[in-house]
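Undergrad: Okay, here's the prediction I keep looking at, along with the sequence it came from:
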Amino acid sequence: MVEPHGRKSIRALATSFRRSLGDMDQLHFPIVTLLDFMTVHFPNFDYEIVEDDELPWNEHAQTDITTGHIRIKQTIYERACNGEGRDRMTIAHEIGHFFMLCFCGFTLTRTYDNAKIPSFKDPEWQAKCFAGEFMIPKDRVEGMTVEEIVEKCGVSLEAASYQRNIYLKEAVAMDV
């Protein structure tokens, strides 16, 4: 469990990070290139590409928040390099973990009971939120169809649909 952060604050963080990189006008963000950029500009960041069998079958990548080290399965990395939207989002998700937990210092708390963690306190939800907001910036995709978002942002149909639905719900809530 982490300290609470809702979509609004995570969106602001993702937008700020993207703006600091100078790529606000670039919808199809070069997420793989960002890994190398971060090794130069973030002293506590590092990543490696590992053989697929070095990580559990159900994990595509993992971030060690104590060291800032990200491990990415080779097939995931290669597909991301080839523009596969789901794998590009996987890398953005891991960067979200690093950025929020290692760089910004969101506080992590262990829980030992089986209580359900609210989304806004769940580090997995927060990283997924960061990836979506970073790769599919709201102000740049408003009015686009899901297919346009997939093409212009280089993300999966699932990610584009999910983010677009979030943005549409927010628009409806503002009209009420």
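TA: Right, received. Where do you want to start?

Undergrad: Every contact and neighbour count from this point should use C-alpha atoms.
TA: OK.

Undergrad: count of residues packed around A173?
TA: 9 (other CA atoms under 10 Å).

Undergrad: show me what contacts E54?
TA: For E54, the contact set (CA atoms under 8 Å, 6 or more residues apart in numbering) comprises K73.

Undergrad: any idea how far it lies from T75?
TA: Distance of E54 to T75, computed by CA to CA, to the nearest Å: 12 Å.

Undergrad: In the chain, which residue is most central in space?
TA: Centroid-nearest residue in the chain, with CA atoms, centre = their mean: A131, separated by 2.0 Å.

Undergrad: Wait, it touches M89, no?
TA: Yes - using CA atoms under 8 Å, A131 is in contact with M89, at 6.2 Å.

Undergrad: could you measure S156 against F42, distance?
TA: Going from S156 to F42 by CA to CA gives 28 Å.

Undergrad: more crowded one of the two?
TA: Neighbour count, other CA under 10 Å: between S156 and F42, S156 has more, with 21 against 12.

Undergrad: so what's that one closest to, chain neighbours aside?
TA: G85 (4.4 Å; CA to CA, 6 or more residues apart in numbering).

Undergrad: surely I117 meets M1?
TA: Yes - under the criterion of CA under 8 Å, I117 makes contact with M1 at 6.8 Å.

Undergrad: So between those two, which is more surrounded?
TA: It is M1, of I117 and M1, that has more neighbours when counted by other CA under 10 Å, with 17 against 12.

Undergrad: Right, I'll call it a day here.
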